[in-house]
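Engineer: Sequence first, predicted model second:
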Amino acid sequence: MAELKIEGLTAEIEGTQILKGVDLTIRQGETHALMGPNGSGKSPLSSAIMGHPAYEVTGGSVTLDGEDVLDKDPDERAALGLFLAMQYPTEIPGVSLTNFLRTAVNTLRGEELPVRQFMSELREHMSDLGMDEKFLQRNVNEGFSGGEKKRFEILQMAMIQPRIAVLDETDSGLDVDALRVVSAGVNKLRGPDLGVLLITHYSRILNYVEPDHVHVMLDGRIAQSGGKELADDLEESGYEQFRVSA
């Protein structure tokens, strides 16, 4: 069972400290929700985990099954089984969705997947996410709506089959219908082989993707951890109750 272990993680960007000692452990088969207001450090944590060059890790450790990932490039972290669904997916003009996914799948699985098998898997997952096959000829995220970009992030996760997935505000900008579809896609992928860190501002996505653990992040640290009831408490009382004790 894969285990992503974050201990005492500190990080800064352009000389400003953003993460101030984060401790968090995520195992395959578990779903963790990380909640917090803007500026609390949620997205910087996801960036530090995956090796974004803008963030300088200044202390602590991040290991996957005991192996240090902080000295590895982002592609090497992905090869170990880490995946990041980005808050703001970028466009890649001139690269088709199909070619992008086929290259990623073959690289991470370490073998050349037969075209027929690849396309069968791809169409199945696209159907689950309500994505029309016309997307197969489109360039990555080019002209995609916000909801389409988020569905494509989940499609990547379905095809790549990571061990630990970090979903950075996947619910951001989604209407109710798109939220239900994306949540259903996440739920179909959940199971003993996938650990999920679901980063969000609001509890609405947790009505569809029920977490095993909920963590509140404030000022670059985990201020409180608990079960689903913690998210319900946040919905009712907000974050200020934890700021005092953080």
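Structural biologist: Yep, it's here.

Engineer: Flag every buried residue along stretch 122-141.
Structural biologist: By neighbour count on 16 or more other CB atoms under 10 Å, the buried set for stretch 122-141 is 122, 125-126, 128-131, 135-136, 138-141. Every residue, glycine included, has its C-beta placed from N, CA and C.

Engineer: now those residues in TSV, with pLDDT, distance to residue 197 and secondary structure?
Structural biologist: As requested, the buried residues of stretch 122-141 are arranged in TSV below (pLDDT from 0 to 100; distance: CB to CB, whole Å; DSSP: H, G, I helix; E, B strand; the rest coil):
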residue	pLDDT	distance to residue 197	secondary structure
122	96	25	helix
125	95	21	helix
126	94	25	helix
128	90	22	helix
129	91	20	coil
130	89	25	coil
131	92	24	coil
135	90	27	helix
136	89	30	helix
138	94	29	coil
139	96	29	strand
140	95	24	strand
141	95	22	coil
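
Engineer: Which of the residues you listed sits closest to residue 182?
Structural biologist: Using CB to CB, residue 129 is the member of the buried residues of stretch 122-141 that sits closest to residue 182, with 7.4 Å.

Engineer: Tell me who's in contact with the closest one.
Structural biologist: When the contact criterion is CB atoms under 8 Å, 6 or more residues apart in numbering, the partners of residue 129 are 151, 154-155, 158, 181-182, 185.

Engineer: Let me have those in JSON lines, adding pLDDT and secondary structure as columns.
Structural biologist: Shown next, in JSON lines, are those (pLDDT from 0 to 100; DSSP: H, G, I helix; E, B strand; the rest coil):
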{"residue": "151", "pLDDT": "93", "secondary structure": "helix"}
{"residue": "154", "pLDDT": "96", "secondary structure": "helix"}
{"residue": "155", "pLDDT": "96", "secondary structure": "helix"}
{"residue": "158", "pLDDT": "96", "secondary structure": "helix"}
{"residue": "181", "pLDDT": "92", "secondary structure": "helix"}
{"residue": "182", "pLDDT": "92", "secondary structure": "helix"}
{"residue": "185", "pLDDT": "93", "secondary structure": "helix"}
